[in-house]
Structure formats: C-alpha cells, structure tokens
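>>> Fold the following.
(chains A, B and C)
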Amino acid sequence: MGERQLTGPPPSLAGTALDRDFFDRPSDQVAPDLLGRVVVHGPVAVRLTEVEAYGEPGQDPPAHTYRGRTPRNAVMFGEPGHVYVYFTYGMHFCANLVCRPEGVGSAVLMRAGEVIAGAEVARARRFPAGTAGGAAKKISDRDLARGPARLAVALGLERQHNGLDCCDGGPMRVLAGEPADPALIVAGPRTGVSTGAETPWRFWIDGDPTVSPYRPHAPRRRT
DNA sequence: GATCTGATTGACT
DNA sequence: GTCAATCAGATCT
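Below is the predicted model of the structure:
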C-alpha cells in the first residue's frame, strides 16, 4: 500500500455502507468479517486490521455485559450497528460495534487499523497543537490507529459518540469495501484481559504492520 | 459511602 | 523492559 494523497476522498470512501443485518449476528462471526473493512467518521477513514469479539451476558467473563445490563453498557443491549464507546484507565476511550439483535448484549472491539484518509486530522487529534510535545511529535501513519485507544482517538470517538448509529447514513459508517483475504485472517487469544483470555476471539490480518503488539494481561501494581 | 479494578498508553531507564 | 497516570463504574461493607 503506497502513499495516498489526501486532497480529496479516495475512491474507497464512496463505497456502500454495511447494513444493520451485517451486525445482527454472533460477535465471533462479525469480528473476522470486519477485517479489511473501512470505518469512516467524518474526514477520517480507518481500514480495520485487528478486532476482538465479546460474548453474551453470563457467558463471557471479560465482556462488559457479563453481569447484565447497566447504565454504562446499555448501548450494547440496543440495536446492532451502533457504536459503544467507553472510558477506561482514567484516560482512554475504546470503541465497539454492537452485534446481535436488540437485548442480547454483544459487541466487537475495534483494536487496530490503518488510517487511509484524514491522516493529518487523526494526527492532530492525537497531539493537538499547543500540548506538550504537540506538533513536534512525529507519528508514523502506521502508529496512528495501532491500538484500541489510538484508533478511537484517530476516529474522533469520545463519550459523546456512545450510541452513534453506523447504519443510518450519518457521519459514521462502515463500508462494505473489500473484506480481508480469509487466508490471511488469524484467530488467537484476546489481550489485556485477566479472565477468558484463552478464548480465541481476537482476529487480525496476518503480517499487517498496524496490528497492535500482543501483551499478556499485566496485574495492576499497587503502591 | 468507601474501595477497587480495568478491553491502555506514553514516558522513562 | 518497566512504571506511573487518571477516573468511571461496579462491588463490597
């Protein structure tokens, strides 16, 4: 993949958006099917290279829905095709795409991707001018959306976007595009979770440089 | 009402 | 490779 000019939306941004039926399936089926697809939010577009599926209440301990519906995770129990944005570690946002019919409570976490449009906007969001380090920071395109929190920032997703519908023709959508080659899709254990990590519900495109590095769960250190 | 944990990242050694 | 930062939600007493 070579350099892409940012002087206008690339042809891929004009593609057809995935409809709600696409998301109305088990998350472990939707997740690998999302690889290679392009997520668009405003001027920024990201091609997904790594995702993680999260299961249903009572079945998947690491999932936020494991203990049932709460005000925080209510979006995941809503209509499929919406975005569930949550705040973690006191400073990061992560974005999920809701799966399964309304009331189930299942989603796919977007872990990493390649910014294919709006790279300068994404870079500015990571380090706004005026902040420490600010514009002087040199971030490669590869690192712009390499990691769940980075991806959320690149797409400009924050708390206010929680519950946003990707299937209503609004500012955010997931393009059908060209799915990843099934031969290159790899499934493995999930990262960063203390329980259920052995479930191979993390999917990524083998060999893609934007896939986030694997990190086993690190227990919180106490002072 | 108080305490603890976490689907992470960036800085520093 | 190691460690601190920071806050909302969930659980516990």
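>>> looking at chain A, which helix or strand is least sure?
helix A:119-126 (a mean of 89; mean pLDDT, DSSP states H and E).
>>> tell me what the helix or strand that comes right after that helix is packed against?
Using DSSP states H and E, the helix or strand that follows helix A:119-126 towards the C-terminus is helix A:148-154. Judged by 3 or more Cβ pairs under 8 Å, 6 or more residues apart in numbering; DSSP states H and E, the packing partners of helix A:148-154 are strand A:44-54, strand A:92-99, strand A:106-117, helix A:119-126. Using the backbone N, CA and C atoms, a C-beta is placed for each residue, glycine as well.
>>> and the gap between A:Arg100 and A:Ala180?
22 Å (Cβ to Cβ, to the nearest Å).
>>> now do A:Asp28
16 Å.
>>> and if you look at A:Asp33?
Distance from A:Asp33 to A:Ala180, by Cβ to Cβ: 9 Å.
>>> ok, the closest residue to A:Asp19 other than its chain neighbours - contacts?
Nearest residue to A:Asp19, sequence neighbours excluded (Cβ to Cβ, 6 or more residues apart in numbering): A:Cys167, at 5.8 Å. For A:Cys167, the contact set (Cβ atoms under 8 Å, 6 or more residues apart in numbering) comprises A:Ala17, A:Leu18, A:Asp19, A:Arg20, A:Phe23, A:Gly81, A:Arg173.
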